[in-house]
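1. only the shape, not the letters, is given here:
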C-alpha cells in the first residue's frame, strides 16, 4: 500500500529557496509517478508537478515553471521538490501524491502535507 510522508516546509522570504522531500513506502518507487500539489486557504487545489522514472521530463504548472524542479532518488525511495525564487503566492500546504498529470484531479493517495510560507 502506497504511503507518503512529506517534510521540508518552512517560512522563507520572497526570493528564497526550499527543498521539500517525500519519502515513499509500501511500494517500489520506480513503478509510480509521484508529484506534488498544493492548497492555500480559501483556494482550490493546484497541481504543481508530476514525474516518473520512465519519463525524464517532469511536467510543471505554468505558475512554477523555471522555478521548481522535481527529482527523485530511487535508492532512498524519495522524491524532492526543489523550489527557488519563491513568491508570496507560493504559500500553501504542499502534498506529495501518486499522479498522472498536473490537473487538480490528477493526484491520489497523498500524505499529511508540509506547510510552506513565503513572507517578508
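-> That came through fine. Everything numeric in this text was worked out from a predicted model, so none of it was measured. Numbering: from 1, shown residues only.
2. if I look at the spatially most central residue of the chain, how far off is residue 46?
-> Closest residue to the average C-alpha location of the chain: residue 36 at 2.8 Å, with Cα atoms, centre = their mean. Distance, residue 36 to residue 46, by Cβ to Cβ, to the nearest Å: 10 Å. C-beta coordinates here come from the backbone N, C-alpha and C atoms, glycine included.
3. tally of neighbours for the nearest residue to the residue nearest to the centre of the chain once chain neighbours are set aside?
-> Leaving out its chain neighbours, the residue that sits closest to residue 36 by Cβ to Cβ, 6 or more residues apart in numbering is residue 48, at 4.4 Å. Using other Cβ atoms under 10 Å, residue 48 has 27 other residues around it.
4. same thing with residue 75?
-> With other Cβ under 10 Å as criterion, residue 75 counts 7.
5. ok, now residue 92?
-> Residues lying near residue 92 (other Cβ under 10 Å) number 22.
6. hmm, it is touching residue 116, no?
-> Yes - between residue 92 and residue 116 there is a contact at 6.2 Å, judged by Cβ atoms under 8 Å.
7. state the helix or strand in which residue 110 lies.
-> Using DSSP states H and E, residue 110 maps to neither a helix nor a strand.
8. ok, it to residue 66 distance?
-> In terms of Cβ to Cβ, residue 110 sits 25 Å off from residue 66.
9. state the mean pLDDT of the helix or strand containing the residue nearest to the centre of the chain.
-> Assigned by DSSP H and E, residue 36 belongs to strand 34-39. Throughout strand 34-39, pLDDT has a mean value of 97.
10. and the next element down the chain from that strand?
-> The element immediately downstream of strand 34-39 (helix or strand, assigned by DSSP H and E) is strand 46-51.
11. that next one to strand 34-39, inter-axis angle?
-> Orientation note: strand 46-51 sits at an angle of 170 degrees relative to strand 34-39 (axes from the mean of the first three to the mean of the last three Cα atoms, to 10 degrees).
12. just checking, what packs against strand 46-51?
-> strand 34-39, strand 59-60, strand 68-73, strand 78-83, strand 92-99 (3 or more Cβ pairs under 8 Å, 6 or more residues apart in numbering; DSSP states H and E).
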